[in-house]
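>>> Any chance you could fold what I've pasted below:
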Amino acid sequence: MPRTPLTYALILCAVLTACSSRLDFVAEVMSPKTSVETVVIDGEDFAFVTYRTGDSETAQPIFYIGGSGCVSLRAYMGTYFAQAPAGLEIIALEKSGVEDRAIGNRCAQAFWEAYTYDELTRRNEIALSYVLQERGLASIPIMGTSEGGAIALELAAQTDAAESIAILGAGALPQRQELQILYGAGPTDRELERVAANPQSIDERAFGLTNRYWTSVLDRNPARYASRISVPTLIIIGENDQNVPVTSAELANDLIRNSQLIIWPEATHTFDTPNGSQRDEVVQTATTFLTRQNR
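Next comes the predicted model:
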């Protein structure tokens, strides 16, 4: 039997532990505000996911790069940007191998095979160029979350595509150094020795991700890119971020010539706090910043 939007919603309810409190997530799966278009560029498929805030016919486009993992953009874009200002058109590239409406509880083998930092950067650069060309734009606001924040900085430095930047839960330290700060140099080095022993394995994992992924990103140095950025940039990181050290965000703020840093009080990597989630407020702050820079 073919799966309808209602079928997907019921599957989500069965999987999520608190279905009644996650109706916003289920609603997004069924939301007509999120559209998916697959475009063939030089013989390669690119799935663009677009979410519009409000019903304005002249929306402000923002290019978005999400965080790590295999959650489908279709499954969370609307929820993630629920409190963003009206009149935005948020465009993002779905990762290779991500199944439509996947909620991230199980990643497909095709995802792991394609999941390297180099590949993410390459495909996002092509996608960004395509979006600019299709809309007749010279530049566009770029927003990145976590892993996507580092990619956003790299693309902004390597191209003239960024009109302004907002990054959430990201910074400018190499991943190896971030892991050493978070978990201690000894435990981190022992874990990463296993990566070095079989660097291209997609079956062996360290810190939840494949050896092949870590090999592509561990010693990449975002500071080289951050120091070349001069467009208006907002950096937001949680005070208690357990995935990215605050010092990494502080370094990015020091290196970027036109930036401001917000350390969100008591917040984690996902901007949860003892008083509840602050994610909506954080995303609203970031998108409002991007909107104001481009009036």
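
>>> Tally up the residues packed near Q200, please.
11 (other C-beta atoms under 10 Å). From N, CA and C alone the C-beta is placed, and that goes for glycine too.

>>> Now do the same for it: helix, strand or coil?
coil (DSSP: H, G, I helix; E, B strand; the rest coil).

>>> go on, I229?
Applying three-state DSSP: I229 is coil.

>>> Quick check: chain neighbours aside, which residue is closest to it?
Residue nearest to I229 in three dimensions, not counting chain neighbours: I256, with 4.8 Å by C-beta to C-beta, 6 or more residues apart in numbering.

>>> can you pull the contacts of that neighbour?
I256 is in contact with A226, S227, I229, S230, T233, I235, counting by C-beta atoms under 8 Å, 6 or more residues apart in numbering.

>>> In a strand, the last one, correct?
So that's I235. Yes. Remark: I235 belongs to a strand, assigned using three-state DSSP.

>>> Low-confidence regions, this protein specifically.
1-32, 56-57, 294-295 (pLDDT under 70).

>>> helices or strands next to the host helix or strand of S35 in the packing?
Per DSSP states H and E: S35 is located in strand 34-41. Counting contacts by 3 or more C-beta pairs under 8 Å, 6 or more residues apart in numbering; DSSP states H and E, strand 34-41 packs against strand 44-53, helix 73-80, helix 117-135.

>>> That one vs helix 117-135, what angle?
Here the directions of strand 34-41 and helix 117-135 differ by 100 degrees (axes from the mean of the first three to the mean of the last three C-alpha atoms, to 10 degrees).

>>> Relative to strand 34-41, what are the paired strands and their orientations?
strand 44-53 (antiparallel) (DSSP bridges).

>>> Next, the residues that contact stretch 259-267 from outside, please.
Taking C-beta under 8 Å, 6+ apart as the rule, stretch 259-267 contacts 229, 232-241, 246, 249-250, 252-253, 271, 273-275, 278, 282, 285.

>>> Now, those that are in helices?
V246, A249, E250, A252, N253, V282, T285 (DSSP state H).

>>> do you know how far the fifth one is from F63?
Using C-beta to C-beta, to the nearest Å, we find N253 at a distance of 22 Å from F63.

>>> Could you do the second one as well?
In this structure, A249 and F63 are 21 Å apart, going by C-beta to C-beta.

>>> circling back to that earlier point, winner for burial among the helices and strands packed on strand 34-41?
Of all the helices and strands packed on strand 34-41, helix 73-80 has the most neighbours on average by mean count of other C-beta atoms under 10 Å, namely a mean of 23.
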